[in-house]
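Chemist: no sequence on this one, just coordinates:
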């Protein structure tokens, strides 16, 4: 004979088994291993270096102005409507190629940017500090467009040793 306490235990065990059967369905899940590699066609290259001609010692102030055939031109290829953050670290002087010669040629470097390599007159001043620039759509098909940076400068050639003088302009370009 089943006692009341055993009956309650049996009923409880049955309810527990029914409860567990309803909630212990096999669990399943799907996982997707997603890997994505993105390579940018973002490029920057020198189209034409900024070049001064040959000058004699003590020849004074010389300039390569905006539009001069010796002005420097850099191109940056990026996605249309992409915002680029551009900053320049301009040298204050050109240094002799022989590091033992301490003569310097002071340089006043300026830069402008535009959306056409031919239309430098329709360009905008590029500041040395961080400047946000939006890449505009050009006439080419596809999502890539170019901006152009036009470099021009003046130098003062004083009483210096003959030889080659140069320095580096550092142009930092980040894209968002």
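Modeler: Yep, it's here. In this text the structure is predicted, and so the values were computed from the model without any measurement.

Chemist: For the rest of this, base every contact and every neighbour count on C-alpha atoms.
Modeler: Noted.

Chemist: How about the contacts made by residue 135?
Modeler: 78, 79, 80, 81, 82, 83, 84, 145, 146, 147 (C-alpha atoms under 8 Å, 6 or more residues apart in numbering).

Chemist: Correction: the previous question concerned residue 154.
Modeler: With C-alpha under 8 Å, 6+ apart, residue 154 has these contacts: 61, 62, 63, 64, 65, 107, 108, 109.

Chemist: can you check residue 49 too?
Modeler: 70, 71, 72, 73.

Chemist: Okay, and which of those map to strands?
Modeler: 72, 73 (DSSP state E).

Chemist: which of the contacts of residue 49 lies closest to residue 164?
Modeler: Nearest to residue 164 among those is residue 70, at 16.9 Å by C-alpha to C-alpha.

Chemist: what's near enough to touch the closest one?
Modeler: 48, 49, 50, 51, 52, 64.

Chemist: of those, the lowest pLDDT goes to which?
Modeler: Least confident entry in the contacts of residue 70, by pLDDT: residue 52, with 85.

Chemist: Quick one: the strands in the protein, in order.
Modeler: In the chain, strands defined by DSSP E lie at 43-48, 60-64, 72-79, 83-89, 93-96, 104-114, 124-125, 131-134, 144-157, 165-166, 170-175, listed in chain order.

Chemist: what sits against residue 172?
Modeler: Neighbours of residue 172 in contact, by C-alpha under 8 Å, 6+ apart: 85, 86, 87, 88.

Chemist: what's the closest of the contacts of residue 70 to residue 137?
Modeler: residue 48 (23.0 Å).

Chemist: ok, that closest one - how many residues close by?
Modeler: Applying other C-alpha atoms under 10 Å, we find 15 residues neighbouring residue 48.

Chemist: Equivalent analysis for the one 3 residues further on, please.
Modeler: By other C-alpha under 10 Å, the residues close to residue 51 number 15.

Chemist: Kindly report the same for residue 104.
Modeler: Neighbours of residue 104 (other C-alpha under 10 Å): 19.

Chemist: For residue 57, see how far away the nearest residue to it once chain neighbours are set aside is.
Modeler: Counting by C-alpha to C-alpha, 6 or more residues apart in numbering, residue 95 is the residue found nearest to residue 104 once chain neighbours are left out, at 5.1 Å. Using C-alpha to C-alpha, to the nearest Å, residue 95 is found at 14 Å from residue 57.

Chemist: now do residue 89
Modeler: Residue 89 is 27 Å from residue 57, by C-alpha to C-alpha.

Chemist: now do residue 161
Modeler: 7 Å.

Chemist: what's the answer for residue 49, then?
Modeler: 23 Å.

Chemist: so how far is stretch 134-148 from its chain's centroid?
Modeler: 15 Å (C-alpha atoms, centre = their mean, to the nearest Å).
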